[in-house]
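Asker: Give me a model of this one.
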Amino acid sequence: MMKAVSIEAIGKVALTDVAAQEMGPDDVRIKVRYVGLCGSDLNTFRGRNPLVSFPRIPGHEVAGTVLETGVGVGTEIKPGISVILWPYSACGTCKSCQAGRAYACRYNQTLGVQRDGALREEIVVPASAVITNDTLLPRRMALVEPLSVGFHAARRGSVSKNDTVLVFGCGMIGLGAVFAAARAGARVIAVDPIAAKEAVARTCGAGEFLSLTGENLAREIESLTDGHGVDLVIEAVGIPETFVAAIDLVGFCGRVVYVGYSKAPVTYETKLFNLKELDIFGSRNASRQDFHDVIAALEEFGDKADALITREIPLQEAAGALPYWDQNPQDVLKLVVAL
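Answerer: All right, here's what the predicted structure looks like:
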């Protein structure tokens, strides 16, 4: 038996005992060292995640050490090496998988969402889910997955050095988009109603930070872009207001990427889709290349990456992490559990 954190029901989290998982020939047993808590985990705790059934062990932002490998695992993965987990699954046969976009598999099951996750002392995963890394500190390795989702959104938007990019939302995914766009050489305008996020947004590469909304935001964007609007909007909030604002604030022949998703219906003035001849993209999860890009970025980022971690919590206290986040949402960027 081992310790694990389980969301037992809506609003109820417990530190519990679970059995060790059995290994197959192509599997790897991982000693979990750090797990980042995600907005999807918070939504599960709040009962707002329709993909989850209870009880559920959360955790898909994972850093660990290999303990054991199956007989079918190659020699490049061996006990003692540090790893990051690619937390998605792929059927290999759906349209997405056939198109080389396994991260968007129609039948994906993400760790901690559709299946039990990694907030336990050990986890068994297929060797194909392991990304080795010996350069990042383990606590920073837990930042790779959430940042990679933002990097993927920037990739979907084909960000370039010639772009002015507006990013709605400075949570971890939005900051990943800021980080990726800035690394591409773009001018980045970060927008978040919480003014205290300005410092971390600028650390990640935002040239401007705005906590404005509505008409005030529209006027400021018009001023900053000489009336042209931005070239690319990345929406990482997931509310109707920012979904609509993305269309309003992007310029003619611009691009919009939705990585957040709205829990409520969204009403558009659809003529702008046509008048501006917009390219509108959805963005889901992240590719392995996005993971490798984030790893390289964090290697360069160095100690500044620690600004992304709000608090490190020991496993014995981890059952209180989601209730704390639920009660103090404006104070939390990233909670990381140390095992």
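Asker: If you tally nearby residues, what's the number for A19?
Answerer: Here the count is done by other Cβ atoms under 10 Å, and A19 has 8 residues near it. Yep, even glycine has a C-beta here, placed from its N, CA and C like the rest.
Asker: again with G214
Answerer: Look at G214: counted by other Cβ under 10 Å, it has 9 neighbours.
Asker: quick one: it from P50, how far?
Answerer: 30 Å (Cβ to Cβ, to the nearest Å).
Asker: Equivalent analysis for G229, please.
Answerer: 34 Å.
Asker: Looking at those two, which is more packed in?
Answerer: Counted by other Cβ under 10 Å, G229 and P50 do not tie: G229 has more neighbours, with 21 against 8.
Asker: Enumerate every residue touching the more buried one.
Answerer: By Cβ atoms under 8 Å, 6 or more residues apart in numbering, the contact set of G229 is I221, E222, L249, V250, G251, F252, G254.
Asker: let's go with 7 Å and repeat that
Answerer: Neighbour list for G229: I221, L249, V250, G251, G254 [criterion: Cβ atoms under 7 Å, 6 or more residues apart in numbering].
Asker: between those, which has the most around it?
Answerer: Greatest neighbour count in the contacts of G229, by other Cβ under 10 Å, goes to I221: 26 neighbours.
Asker: Doesn't it lie inside a helix?
Answerer: Yes: remark: I221 belongs to a helix, assigned using DSSP: H, G, I helix; E, B strand; the rest coil.
Asker: If I look at the closest residue to it other than its chain neighbours, what pLDDT would I see?
Answerer: Nearest non-adjacent residue to I221, counting by Cβ to Cβ, 6 or more residues apart in numbering: L249, 5.1 Å away. Here the pLDDT value assigned to L249 is 98.
Asker: Tell me the spacing between L249 and V294.
Answerer: Using Cβ to Cβ, L249 is found at 27 Å from V294.
Asker: Next: E269.
Answerer: Counting by Cβ to Cβ, the gap from E269 to V294 is 36 Å.
Asker: re earlier: in contact with the residue nearest to I221: list those residues for me.
Answerer: With Cβ under 7 Å, 6+ apart, L249 has these contacts: L166, A218, I221, G229, V230, V233.
Asker: got the contact list for the residue most central in space within the chain?
Answerer: Closest to where the C-alpha atoms of the chain average out (Cα atoms, centre = their mean) is P146, at 2.6 Å. Contact analysis of P146 by Cβ under 7 Å, 6+ apart lists G36, C38, E61, M172, I173, G176.
Asker: mind listing which of the residues you listed are in strands?
Answerer: G36, E61 (DSSP state E).
Asker: List just the nearest of the contacts of P146 to S128.
Answerer: Closest approach between these and S128, by Cβ to Cβ: E61, at 18.3 Å.
Asker: give me the number of residues near G11?
Answerer: 12.
Asker: and the closest residue to it other than its chain neighbours, how far is that from E8?
Answerer: Using Cβ to Cβ, 6+ apart and skipping residues adjacent in sequence, the residue nearest G11 is F45, 6.6 Å away. To E8, F45 is 10 Å away according to Cβ to Cβ.
Asker: With R115 instead?
Answerer: R115 is 16 Å from E8, where distance means Cβ to Cβ.
Asker: now do H228
Answerer: To E8, H228 is 52 Å away according to Cβ to Cβ.
Asker: quick one: the strands in the stretch 151-300 of the chain?
Answerer: With DSSP state E, counting those that start in this stretch, the ranges of strands along the stretch 151-300 of the chain come out as 164-168, 187-191, 208-210, 230-235, 250-258, 279-282.
Asker: now these in JSON lines, with distance to P314?
Answerer: Formatted as JSON lines, these follow (distance: least, Cβ to Cβ, whole Å):
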{"stretch": "strand 164-168", "distance to P314": "33"}
{"stretch": "strand 187-191", "distance to P314": "32"}
{"stretch": "strand 208-210", "distance to P314": "33"}
{"stretch": "strand 230-235", "distance to P314": "35"}
{"stretch": "strand 250-258", "distance to P314": "37"}
{"stretch": "strand 279-282", "distance to P314": "38"}
